[in-house]
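Peer 1: Please work out how this folds:
(6 chains)
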4 protein chains.
Amino acid sequence: MWFRVDPRLPTPVYQQVVDGIKEAVAKGLLKPRDRLPAVRELAMLMMLNHNTVAKAYQELERERVIEVIRGRGTYVAAPSLLANRSERIVKMSETIKQLCVEAYYLQMTEDDLLTLFQDLMNEWKREKGRNNT
Amino acid sequence: MWFRVDPRLPTPVYQQVVDGIKEAVAKGLLKPRDRLPAVRELAMLMMLNHNTVAKAYQELERERVIEVIRGRGTYVAAPSLLANRSERIVKMSETIKQLCVEAYYLQMTEDDLLTLFQDLMNEWKREKGRNNT
Amino acid sequence: MWFRVDPRLPTPVYQQVVDGIKEAVAKGLLKPRDRLPAVRELAMLMMLNHNTVAKAYQELERERVIEVIRGRGTYVAAPSLLANRSERIVKMSETIKQLCVEAYYLQMTEDDLLTLFQDLMNEWKREKGRNNT
Amino acid sequence: MWFRVDPRLPTPVYQQVVDGIKEAVAKGLLKPRDRLPAVRELAMLMMLNHNTVAKAYQELERERVIEVIRGRGTYVAAPSLLANRSERIVKMSETIKQLCVEAYYLQMTEDDLLTLFQDLMNEWKREKGRNNT
DNA sequence: GTGGTCTAGACCACC
DNA sequence: GTGGTCTAGACCACC
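Peer 2: Got it, this is the predicted structure:
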């Protein structure tokens, strides 16, 4: 499977499934039109109840990450853009602010943070490249 | 007060208090040795149950953000370094990865993200400068 | 074809076929005694499983919208009146009530709703006129 | 209670709860800031499982009809407006179109439909007036 | 007391 | 085979 789930974490299991699949799509491990495992199949593989996986799939469908075709199966959706530019920037800014607070408590300098950020972006880009060829 | 709390958000109220105070400290609005309001005082000001504020203070003390001196009051702690370098990098990397996933779904290019990141870091630095003079 | 079908919608595909054909008949695009495509033909045209189309035709026959004559084909039925006046009013009232609830949440005033209703009724009438000449 | 639920209907029970509460709010039986029964309380009253009611409440929160404050209770939300004018008109038009199709099959004339519509709107207005005084 | 999550297991509509 | 719903019952975090 493309991700793991740990029931001991405070994050609900169904949310971990949502995050895991979103990450796999973002990385290019799952591409638009790819078929996802059936609800009960994924539940079996990950040792979860089918209701938990169903809830994750429903949430992913609501976020337009996947498309559920009843009686047929579940597929990765074509990318779609909902929010406008300014809304997107507000959202990203919020996440970046949290990053800065975290960096403060880990006593990283602004330069350390910027360097780490650039390194990881490059690695991320490379990984996506590998998955797309 | 240095932050706001919204009970309707899915984030627990006590966690919002924790995050708000950590952010105020990171921004320099609250400095080491500054005194925080008493539990019941802050609860009154923010219209919260005092148990909620008490729980937040306990969590902040556990994270060594504040120091509670019984009978004397609650103070912002001097900065301390707990994790070692590699642990710190692992933690930050996890947060940055989440940032990349979020950026993917908002269809931001790597360049847009990097630019936004640099802009916000500069703004953050300026704001800290203002609070420290 | 006189309508479209989207398997991703929560409405079952066979129901979309039923609704589409009923709408085409109501608009006068299909008139009594017009011949409908054979099940497998319509299935091919709309890229559907023939079982799905067969189920839709069965439902339409049950509602007396179409008539299936074995070995001959499928035809739009002559209009017939099943329910009595009071039952009809109860049914329409239920639908109108849902309309009012929806209007409330879209914050439309009664006047806006009435105006929109009258406009659409006129447009509907004109469209039917065009199809009947 | 302000509505009924029938498990034999094809509409899922949790959806009937959603519709029932939305209707009660639209009619003014429930007003902003009113407290709803606790999940388990409503479940008991309506002879449903608490999970079913919880699912309904979550859906209502997503649609911004109610606000859930964890650990405290559930309240009717202040009215909010999300869609813009043209989107709202598109949505209402879709519902009105369905109304016209239904009217055709019940062989109501346009005049009958308009009269019925106006009558029900007046009744609806009166009922809301009663609940608001 | 409040809502949220999860498993187990049954039943159902749809394709 | 596919996803969706529902009950029963347990456990949990939060206020």
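Peer 1: Check the gap between the residue of chain A with the smallest separation from DNA strand F and chain B for me.
Peer 2: Nearest to DNA strand F, among the residues of chain A, is residue A:38, at 3.1 Å (Cβ to the nearest atom of the strand). (C-beta placed from N, C-alpha, C; glycine too.) Using Cβ to the nearest Cβ, to the nearest Å, one gets 24 Å for the distance from residue A:38 to chain B.
Peer 1: Report all helices and strands that the top helix by length along chain A contacts.
Peer 2: In chain A, with assignment by DSSP state H, the single longest helix is helix A:110-132. Helix A:110-132 sits against helix A:13-27, helix A:85-105, helix B:85-105, helix B:110-132, with contacts defined as 3 or more Cβ pairs under 8 Å, 6 or more residues apart in numbering or on different chains; DSSP states H and E.
Peer 1: One more pass at 7 Å, please.
Peer 2: helix A:13-27, helix B:85-105, helix B:110-132 (3 or more Cβ pairs under 7 Å, 6 or more residues apart in numbering or on different chains; DSSP states H and E).
Peer 1: Can I get the shortest one as CSV, trimmed to CA atoms?
Peer 2: Spelled out, that is helix A:13-27. Extracted in CSV, the C-alpha atoms of helix A:13-27 (Å, rounded to 0.1, in the frame of the first residue of the first chain):
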residue,chain,number,x,y,z
VAL,A,13,-7.8,6.4,11.5
TYR,A,14,-10.1,7.5,8.7
GLN,A,15,-8.3,10.8,8.6
GLN,A,16,-5.0,9.1,8.3
VAL,A,17,-6.4,7.2,5.3
VAL,A,18,-7.6,10.5,3.8
ASP,A,19,-4.1,12.1,4.3
GLY,A,20,-2.3,9.0,3.0
ILE,A,21,-4.2,8.9,-0.2
LYS,A,22,-4.0,12.7,-0.8
GLU,A,23,-0.2,12.4,-0.3
ALA,A,24,0.1,9.5,-2.7
VAL,A,25,-1.8,11.5,-5.3
ALA,A,26,0.3,14.6,-4.7
LYS,A,27,3.5,12.6,-5.1
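Peer 1: Report the buried residues of whichever helix or strand comes after that helix.
Peer 2: Following helix A:13-27 in sequence order, the next helix or strand is helix A:39-45 (DSSP states H and E). By neighbour count on 16 or more other Cβ atoms under 10 Å in any protein chain shown, the buried set for helix A:39-45 is A:39, A:42, A:43.
Peer 1: And for helix A:39-45, what's in contact with it?
Peer 2: A:1, A:37, A:49, A:50, A:52, A:53, A:54, A:57 (Cβ atoms under 7 Å, 6 or more residues apart in numbering or on different chains).
Peer 1: mind checking how far residue A:79 is from residue B:105?
Peer 2: 8 Å (Cβ to Cβ, to the nearest Å).
Peer 1: Which one's more surrounded, those two?
Peer 2: residue B:105 (20 against 12; other Cβ atoms under 10 Å in any protein chain shown).
Peer 1: circling back to that earlier point, mind putting the buried residues of helix A:39-45 into JSON lines with pLDDT?
Peer 2: Formatted as JSON lines, the buried residues of helix A:39-45 follow (pLDDT from 0 to 100):
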{"residue": "A:39", "pLDDT": "98"}
{"residue": "A:42", "pLDDT": "98"}
{"residue": "A:43", "pLDDT": "97"}
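Peer 1: Need the winner for burial among the helices and strands packed on helix A:110-132.
Peer 2: helix A:13-27 (a mean of 20; mean count of other Cβ atoms under 10 Å in any protein chain shown).
Peer 1: on contacts alone, who are the packing partners of it?
Peer 2: Helix A:13-27 packs on helix A:50-62, helix A:110-132, helix B:85-105, going by 3+ Cβ pairs under 7 Å, 6+ apart.
Peer 1: Next, the angle from it to helix A:110-132.
Peer 2: 80 degrees (axes from the mean of the first three to the mean of the last three Cα atoms, to 10 degrees).
Peer 1: ok, helix A:13-27 near DNA strand F or not?
Peer 2: No - on the criterion Cβ under 7 Å from any atom of the strand, helix A:13-27 is out of touch with DNA strand F, staying 11.9 Å away.
Peer 1: Stretch A:77-96 now?
Peer 2: No - applying Cβ under 7 Å from any atom of the strand, one finds stretch A:77-96 out of contact with DNA strand F, separated by at least 13.8 Å.
Peer 1: So what touches that stretch?
Peer 2: Against stretch A:77-96 from outside (Cβ under 7 Å, 6+ apart): A:32, A:64-67, B:99, B:102-103, B:106-108, B:116-117, B:120.
Peer 1: Just flag the most distant two among these.
Peer 2: A:67 and B:120 (34.3 Å; Cβ to Cβ).
Peer 1: thought residue A:16 was touching residue A:5?
Peer 2: Yes - applying Cβ atoms under 7 Å, one finds residue A:16 in contact with residue A:5, separated by 4.7 Å.
Peer 1: Buried residues, stretch A:53-68. List them.
Peer 2: Those would be A:53, A:54, A:55, A:56, A:57, A:59, A:60, A:61, A:65, A:66, A:67, A:68, for stretch A:53-68 by 16+ other Cβ under 10 Å.
Peer 1: Can I get the contacts of stretch A:77-96 in a markdown table including pLDDT?
Peer 2: Below are these laid out as a markdown table (pLDDT from 0 to 100):
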| residue | pLDDT |
| --- | --- |
| A:32 | 94 |
| A:64 | 92 |
| A:65 | 95 |
| A:66 | 95 |
| A:67 | 93 |
| B:99 | 91 |
| B:102 | 91 |
| B:103 | 92 |
| B:106 | 90 |
| B:107 | 89 |
| B:108 | 89 |
| B:116 | 92 |
| B:117 | 92 |
| B:120 | 90 |
